[in-house]
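Student: give the three-dimensional model of this entry:
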Amino acid sequence: MSDAPSPRSKFANRKRKQRVRGYGEGTVYEFERQLPSGAIWRGYRAKRSIKHGERSIRVVGQGKTRQEALANLERNITRRRIALAELPQSYIRLTEPEEARTVGRVLDDWLSYQRSRIGVDSWKGYEAKVRLYLRPALGKTPVRLLTRDDVEDYIHSTLPATVPYNRTTPLGKSAIRAIYWTLSAALDFALQRGWVDRNVAKGVEPPQRRKPTRQERDQLYKAARWTAQHTIKKLEKRDDRARWLLTFLGLRQGEVLGLRCSSVKPKSGTRSARLVIDAQLKVRNMSHGCGDYNDADHAWPCGK
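Tutor: Numbers count the residues shown, from 1 in each chain. Predicted coordinates for the structure are as follows:
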């Protein structure tokens, strides 16, 4: 057997050209972007247009390499087709971070976000709905895999048959509607942060309020004609009559109880005065009674 080296190909130093992408496969190109720190980031961007009816929708994917950009493009196309209801939600292949971001985690993040933005009673009402109903039923589902059918089945089948621990009758329409709006608000929160492509709850119709009959409306209109005169007559000898009479101005009870002498502002040049509402008293009616809520354990000190 000869030890002589094999002849070198005359094409050994020639660089292989990238395959030309065919019609409908989109395009891939290299680009660079300046980061806020001043550094230059270089990567690849892939684009392709998809048809949806008569519309042409452009989808983009990018990555550090050409292959990564193409993979992200295909993934984004799948997500867009799911958002357009052309494919079922099961077509999504989740990454590890997306599998870890469950509906329960989104609800917890939303509650933490809202805690400093809304009143204490409002927040505790949302927290109770999440803890008692939403997290036990939907909490373990990755939020990207939550479908409209899941929400519809939960709102219209599961909740109407749910009996709260302190009652003997199932949940009413008002309670179910409040739970629905809590879930929808949390999914809007996820949509704003790019964790989902759409709010699947928006396609579900919550239970509607019962509209009053014509006879009931007529009774309310008749009562409105004499309620004020009847109330004034009943309050004539009461020391706190001003508290109740001010409600006819449209004030809430907390606003009336929060009034101070400084709330009465005289009008310049006249003998009249105006009432300025700058404070109100609120009653905490959602207190659990055993201490502060533990956000990490999702429980009160008593364990409930």
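
Student: direction included, what does the strand ranked longest in the chain pair up with?
Tutor: Of all segments of type strand in the chain, defined using DSSP state E, the longest is strand 40-52. Sheet pairing of strand 40-52 (DSSP bridges) gives strand 27-34 (antiparallel), strand 55-63 (antiparallel).

Student: how about that strand, which residues are buried there?
Tutor: Within strand 40-52, the residues scored as buried using 16 or more other CB atoms under 10 Å are Y44, R45, A46, R48, I50. C-beta: built from backbone N, CA, C; applies to glycine.

Student: where's the fourth one relative to G61, distance?
Tutor: Distance of R48 to G61, computed by CB to CB, to the nearest Å: 8 Å.

Student: joint contacts of the two?
Tutor: By CB atoms under 8 Å, 6 or more residues apart in numbering, R48 and G61 have these common neighbours: L73.

Student: which residues in the stretch 1-150 of the chain form helices?
Tutor: 66-83, 96-100, 103-114, 120-129, 135-138, 148-153 (DSSP state H, counting those that start in this stretch).

Student: so what touches the fifth one?
Tutor: The set of residues external to helix 135-138 that reach it, using CB under 8 Å, 6+ apart, is V103, G104, L107, L146, D150, Y154, T158, L183, H298.

Student: same thing but at 7 Å, please
Tutor: V103, G104, L107, L146, Y154, T158 (CB atoms under 7 Å, 6 or more residues apart in numbering).

Student: quick revisit: in a markdown table, list the strands paired with strand 40-52 along with distance to V120 and mean pLDDT.
Tutor: Formatted as a markdown table, the strands paired with strand 40-52 follow (distance: least, CB to CB, whole Å; pLDDT from 0 to 100):
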| stretch | distance to V120 | mean pLDDT |
| --- | --- | --- |
| strand 27-34 | 44 | 85 |
| strand 55-63 | 44 | 87 |
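
Student: residues contacting P266?
Tutor: A273.

Student: of the strands paired with strand 40-52, which stretch is the most buried?
Tutor: strand 55-63 (a mean of 14; mean count of other CB atoms under 10 Å).

Student: restricting to C-alpha, output that strand in PDB.
Tutor: The C-alpha coordinates for strand 55-63 follow below in PDB (Å, rounded to 0.1, in the frame of the first residue of the first chain):
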ATOM      1  CA  ARG A  55     -54.400  39.300   3.500                       C
ATOM      2  CA  SER A  56     -50.600  38.800   3.300                       C
ATOM      3  CA  ILE A  57     -49.000  38.800   6.800                       C
ATOM      4  CA  ARG A  58     -45.200  39.100   7.200                       C
ATOM      5  CA  VAL A  59     -43.700  37.000  10.000                       C
ATOM      6  CA  VAL A  60     -40.100  37.600  11.300                       C
ATOM      7  CA  GLY A  61     -37.700  35.400  13.300                       C
ATOM      8  CA  GLN A  62     -34.200  36.300  14.400                       C
ATOM      9  CA  GLY A  63     -31.200  34.600  16.100                       C
END
